[in-house]
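**Student:** here you go, sequence then predicted model.
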There are 2 protein chains.
Amino acid sequence: MSIRLCFAVLFAVSALLARAPAFAEVIPIDDPAAEKLFAEAQAKAGFWKLMHFYESQNDQTYCGVASAAIILNSLEVDSPPAPAIYPFRKFDQSNFFSEAVLAIKPPKYVHLSGLTLEELAGMIRTYGVTVDVHHAAPPMDLDGFRAIAGAALADPKARVEINYHRKALGQDGAGHHSPLAAYDAVSDRFLVLDVARYKLPPVWASAADVWASMATEDSDAKANRGFLVIRRK
Amino acid sequence: MSIRLCFAVLFAVSALLARAPAFAEVIPIDDPAAEKLFAEAQAKAGFWKLMHFYESQNDQTYCGVASAAIILNSLEVDSPPAPAIYPFRKFDQSNFFSEAVLAIKPPKYVHLSGLTLEELAGMIRTYGVTVDVHHAAPPMDLDGFRAIAGAALADPKARVEINYHRKALGQDGAGHHSPLAAYDAVSDRFLVLDVARYKLPPVWASAADVWASMATEDSDAKANRGFLVIRRK
């Protein structure tokens, strides 16, 4: 093989690699680039309420439970009592398990296998909010996700929760749940409020990467993961 | 008294009231005015790290413990193990009570009476960070507080924690601890990350009001409250 041919092959391979990066690139929330994204993002109507109640999952399979508590608190939904803070109250990862939630899946099994998208939707719905379930599978697609989630993030009375596989975001781990907190149309990125805060920070991820991370099969659900839109009635 | 004199007296009283408002006016973090303060604030070097680890006090007397956990996590200080999230780890309001912290005040007594500024400083110091204690009493004054806290909030390796009485901020309640997260020089306001999140949101409070809230006597300590500056070595 001539030197010229070698260079041609190398150039072609480099160009291919440049077009198809091997892993997604997310931007941690405390990166200077993230501050710019936050400043320019227009769809962040629930951001400060979500930060007010942002908390870590108490257990490594409690991502769905923690996400639900944050979202319900941020929407100012009435919670069950919380004895340690009586007479005040808020949702936590214990009192979330009301009689109606326990009937869907009790803590014993959530500890073993977490929650599917449908299970979490059913639980949140017991608290009198509307919950739309969108699996990341046809007829839903990236454009539909971007439009629905972007509009919800611009609405003070709506929240978005995603069920995704970390691999498509270039992160170690597997199936996970977390709220979204903002969408920036200029960079086409969503802010993911990761609830495994001991492990990874909140990140800005591209819409395409978030979509790819949701368009993965959850073997427990025998369906693709996806997203929820939760609204106060 | 003539009508004219009546008006003169009314006018004088109104002018006095306008100059001395009866209660402090704090701005909740999700108020549109707060978004402007956040955007213009220059001293917020630790803000995103603090939000990453912001959590609620687990008990109504755990304000100091929650503040310490948030600050130590945000400075990425090595924590004791946290069994539920092993092999990951972070400070929480349980593992914060190491042998050295227990020797200062065990949970039983923190549940009864909370922590004084000096007790909290001593506890945080056991984790290998430097802690400067500033009581809100002479020779410290408002200008000194503003300069020291403002500089610390602009330093990514420093954090500020305040011990204050809620009344001077126009809030229901008594002695309290919380981290500060930002300072805006234009409005001369600090962002207080209230850890009793079930009760009150984070607020922007004027430097004068924060100072007045710290310049109050803690009867347990027999000294004025005040603030801590905590730094990674």
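**Tutor:** Cool, got the structure. Residues are numbered from 1 along each chain as shown, chains lettered A, B, ... in the order given.

**Student:** buried residues in stretch A:99-108?
**Tutor:** Buried residues in stretch A:99-108, defined by neighbour count with 16 or more other C-beta atoms under 10 Å in any protein chain shown: A:V101, A:I104, A:K105, A:P107. Just so you know, the C-beta spots here come from the backbone N, C-alpha and C atoms, and that holds for glycine as well.

**Student:** pairing partners for the closest residue to A:H135 other than its chain neighbours in the sheet, please.
**Tutor:** Sequence neighbours aside, A:G226 is the residue nearest to A:H135 in space, at 4.0 Å (criterion: C-beta to C-beta, 6 or more residues apart in numbering or on different chains). With DSSP bridges applied, A:G226 shows beta-bridge pairing to A:H135, A:N163.

**Student:** so A:G226 is in contact with A:L117, correct?
**Tutor:** Yes. At 5.3 Å, A:G226 counts as touching A:L117 under the criterion of C-beta atoms under 8 Å.

**Student:** which neighbours do those two have in common?
**Tutor:** Common contacts of A:G226 and A:L117, defined by C-beta atoms under 8 Å, 6 or more residues apart in numbering or on different chains, comprise A:V133, A:H135, A:N163.

**Student:** just the buried subset of the residues you listed, please.
**Tutor:** Judged by 16+ other C-beta under 10 Å, buried ones among the shared contacts of A:G226 and A:L117: A:H135, A:N163.

**Student:** among the buried residues of stretch A:99-108, which are located in helices?
**Tutor:** Among the buried residues of stretch A:99-108, the ones falling in helices (DSSP state H) are A:V101, A:I104, A:P107.

**Student:** with adjacent residues omitted, what lies nearest to the first one?
**Tutor:** Closest residue to A:V101 apart from its sequence neighbours, by C-beta to C-beta, 6+ apart: A:M123 at 4.7 Å.

**Student:** and for that neighbour, the neighbour number?
**Tutor:** When neighbours are defined as other C-beta atoms under 10 Å in any protein chain shown, A:M123 has 24 of them.

**Student:** using the three-state scheme, assign it.
**Tutor:** Here A:M123 is helix, with the state taken from DSSP: H, G, I helix; E, B strand; the rest coil.

**Student:** A:D31: how many residues sit nearby?
**Tutor:** 15.

**Student:** and it, backbone torsions?
**Tutor:** The phi/psi pair for A:D31 (degrees, to the nearest 10) reads phi -80, psi 140.

**Student:** the strand ranked longest in chain A near chain B anywhere?
**Tutor:** In chain A, with assignment by DSSP state E, the single longest strand is strand A:175-184. No. Strand A:175-184 stays clear of chain B (C-beta under 8 Å from any C-beta of the partner chain), getting no nearer than 10.4 Å.

**Student:** for that strand, which helices and strands make contact with it?
**Tutor:** helix A:32-40, helix A:47-53, helix A:63-74, helix A:142-153, strand A:158-165, strand A:189-192 (3 or more C-beta pairs under 8 Å, 6 or more residues apart in numbering or on different chains; DSSP states H and E).

**Student:** that one versus helix A:63-74: what angle between them?
**Tutor:** 40 degrees (axes from the mean of the first three to the mean of the last three C-alpha atoms, to 10 degrees).

**Student:** can you find the helix or strand in chain A with the smallest mean pLDDT?
**Tutor:** helix A:3-19 (a mean of 56; mean pLDDT, DSSP states H and E).

**Student:** what residues does chain A have near chain B?
**Tutor:** Counting by C-beta under 8 Å from any C-beta, chain A sits next to chain B at A:29-30, A:34-35, A:39, A:48-49, A:51-56, A:58-60, A:82, A:84-85, A:88-90, A:196-199, A:201-202.

**Student:** re earlier: which one, of the helices and strands packed on strand A:175-184, ends up nearest to B:A147?
**Tutor:** The closest of those to B:A147 is helix A:32-40. By C-beta to C-beta, the value is 24.9 Å.
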